[in-house]
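Trainee: Sequence below, structure please.
(one chain, ligands or ions: 1)
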Amino acid sequence: MLVNLPTRNLALELVRVTEAAALAAGRFMGRGDKQAADRAAVEAMRLVLRSVEMDGVIVIGEGEKDNAPMLYNGERVGNGSPPELDVAVDPIDGTRPLVFGRANSISAVALAPRGAMYNPGPFVYMNKIAVGPEAKGRINIEKPIADNLKAIAKAKNKAVEDLTVVILDRPRHEQMIAEIRRLGARIRLIPDGDVAAALMTAMPDTGVDVLLGIGGTPEGVIAACALRAMGGEIQGKLYARNEEELQRGREMGYDFDKVLVMDDLVSSEDVFFAATGITDGELLQGVRYYGDGATTDSLVVRGLTGTIRRIWARHQIEKLNLLSPIKY
Ligand code: VTB
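Mentor: Residues are numbered from 1 along each chain as shown. Prediction:
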């Protein structure tokens, strides 16, 4: 038997990164200013990432689609010492819900060995199907929705009518929604935030069984890292918005018909994932501020062991503001 000494769990360092972003972004709840919220989260994230002992390169940086402040693809993060890692960041998934004071806005970061994460290039949309551990190995994005729902229901020992399907509330999903209604499953339409939705499929308490539909590609890769660590599954297919994008993809060697399975999206089991709630949601509690501090609620996951930790923290804002250039 091969016995290894326990090694570092980088996710435990990573959680400070998502906590900082959430604490900074939480101030913008309901205040209507997307740019300011994004800037606060990105700056806090960038600063705390520096303290993480790693030689990281951002492979998945959000923002290009929304023209928001961002951590750039190719940006070096961490303190520069080994291990060499790919980094995926989503400083705020659900900026709109945050600035309108709605549910399920989170901050998320994932790490994987260098070269392990899928590089989606400039292609912003991905068709996705994501499930938790019970339905892992039973889904196939190429098959009709009816087949997938039946397979998931069977795996979870329930009827299709008992399933809850999460879908982003977008006109592009009208047909899919009509089809799911015809099949009799229950639907949760979400305004944004399909990273949280993908995670919910792997957390039985949330009552969510499957995520379907077209969402952001960066969000797909981050969700893949989290689900890989949590024992769930996601499959994706790049989605071209128009003929021009399709053409560009072909020239760059991207195949929009290719099914991206777990191993394509993140090819290593050695992944780390952390997320902190910004606004309240069924996955995580949002940031709460008190006269003398603030609380955060986070999820910390390590792929090698599959350990899922829930970390609740109380932060002393006054002390932090003395030490940190970030305004909490
Ligand atoms: C989703 C959602 C994100 O982008 O991926 C979505 O999870 C997809 O793009 O929070 P559209 O909004 O253009 O449909 C976000 O909403 C972030 O932009």
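Trainee: For this structure, just list every one of the strands.
Mentor: The residue ranges that make up the strands of the chain, judged by DSSP state E, are 55-61, 76-77, 84-93, 106-113, 125-131, 164-168, 186-190, 210-216, 233-239, 272-277, 288-290, 293-302, 308-315.
Trainee: so which of those strands comes closest to residue 10?
Mentor: Among the strands of the chain, the nearest to residue 10 by CB to CB is strand 272-277 (4.6 Å). No exception for glycine: its C-beta is placed from N, CA and C like everyone else's.
Trainee: and the closest one, what other elements does it pack with?
Mentor: On a contact count with 3 or more CB pairs under 8 Å, 6 or more residues apart in numbering; DSSP states H and E, strand 272-277 meets helix 11-26, strand 106-113, helix 194-200, helix 217-230, strand 293-302.
Trainee: Pull the distance from the first one to the chain's centre.
Mentor: Mean-position distance between helix 11-26 and its chain equals 14 Å (CA atoms, centre = their mean, to the nearest Å).
Trainee: Then the fourth one?
Mentor: Distance of helix 217-230 from the chain centroid (CA atoms, centre = their mean) equals 6 Å.
Trainee: now do the shortest one
Mentor: Distance of helix 194-200 from the chain centroid (CA atoms, centre = their mean) equals 7 Å.
Trainee: again, but for stretch 84-101
Mentor: Using CA atoms, centre = their mean, the mean C-alpha position of stretch 84-101 is found 8 Å from that of the whole chain.
Trainee: With mean neighbour count, distance to the ligand and mean pLDDT added, can I get the strands of the chain in CSV?
Mentor: As requested, the strands of the chain are exported to CSV (neighbours: other CB atoms under 10 Å; distance: least, CB to the nearest ligand atom, whole Å; pLDDT from 0 to 100):
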stretch, mean neighbour count, distance to the ligand, mean pLDDT
strand 55-61, 21, 12, 94
strand 76-77, 18, 21, 94
strand 84-93, 27, 5, 96
strand 106-113, 29, 10, 98
strand 125-131, 26, 7, 98
strand 164-168, 21, 6, 98
strand 186-190, 17, 8, 97
strand 210-216, 26, 3, 98
strand 233-239, 23, 10, 98
strand 272-277, 28, 13, 98
strand 288-290, 13, 22, 96
strand 293-302, 22, 17, 97
strand 308-315, 14, 21, 97
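Trainee: any chance of those in CSV, plus distance to residue 143?
Mentor: Formatted as CSV, the strands of the chain follow (distance: least, CB to CB, whole Å):
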stretch, distance to residue 143
strand 55-61, 27
strand 76-77, 39
strand 84-93, 28
strand 106-113, 28
strand 125-131, 9
strand 164-168, 15
strand 186-190, 19
strand 210-216, 12
strand 233-239, 10
strand 272-277, 28
strand 288-290, 43
strand 293-302, 28
strand 308-315, 29
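Trainee: Which of these sits closest to residue 32?
Mentor: Distances from residue 32 to each of these were compared using CB to CB; the minimum, 14.3 Å, belongs to strand 84-93.
Trainee: tell me the angle of that closest one relative to strand 106-113?
Mentor: 170 degrees (axes from the mean of the first three to the mean of the last three CA atoms, to 10 degrees).
Trainee: Could you spell out the sheet neighbours of strand 84-93, each with its direction?
Mentor: Each strand that strand 84-93 pairs with, and the sense of that pairing, follows from DSSP bridges: strand 55-61 (parallel), strand 106-113 (antiparallel).
Trainee: Which of those sits closest to residue 141?
Mentor: Distances from residue 141 to each of the strands paired with strand 84-93 were compared by CB to CB, and the smallest falls on strand 55-61, at 20.1 Å.
Trainee: what's the closest of the strands paired with strand 84-93 to residue 71?
Mentor: Distances from residue 71 to each of these were compared by CB to CB, and the smallest falls on strand 55-61, at 4.5 Å.
Trainee: Residue 49 touches residue 16, doesn't it?
Mentor: No: between residue 49 and residue 16 there is no contact under CB atoms under 8 Å: 9.4 Å.
Trainee: and the two? which has more neighbours close in?
Mentor: Each of residue 49 and residue 16 has its neighbours counted (other CB atoms under 10 Å); residue 49 has more, 26 against 18.
Trainee: which residues touch that one?
Mentor: When contacts are counted by CB atoms under 8 Å, 6 or more residues apart in numbering, residue 49 is found next to 17, 56, 71, 77-78, 87, 89, 109.
Trainee: for those residues, which one is nearest residue 265?
Mentor: When the contacts of residue 49 are compared for distance to residue 265, the smallest value, 14.9 Å, is given by residue 87; criterion: CB to CB.
Trainee: what about the closest one, distance to residue 61?
Mentor: Taken as CB to CB, to the nearest Å, the spacing of residue 87 relative to residue 61 amounts to 8 Å.
Trainee: cool, and residue 137?
Mentor: Residue 137 sits at a distance of 31 Å from residue 61 (criterion: CB to CB).
Trainee: likewise residue 154?
Mentor: 39 Å.
Trainee: Can you pull out the low-pLDDT segments for the stretch 51-200 of the chain?
Mentor: Under the criterion pLDDT under 70, the flagged ranges of the stretch 51-200 of the chain are 62-69.
Trainee: got the residues of it near the ligand?
Mentor: Neighbours of the ligand within the stretch 51-200 of the chain, by CB under 6 Å from any ligand atom: 66, 93-94, 168, 170, 192-195.
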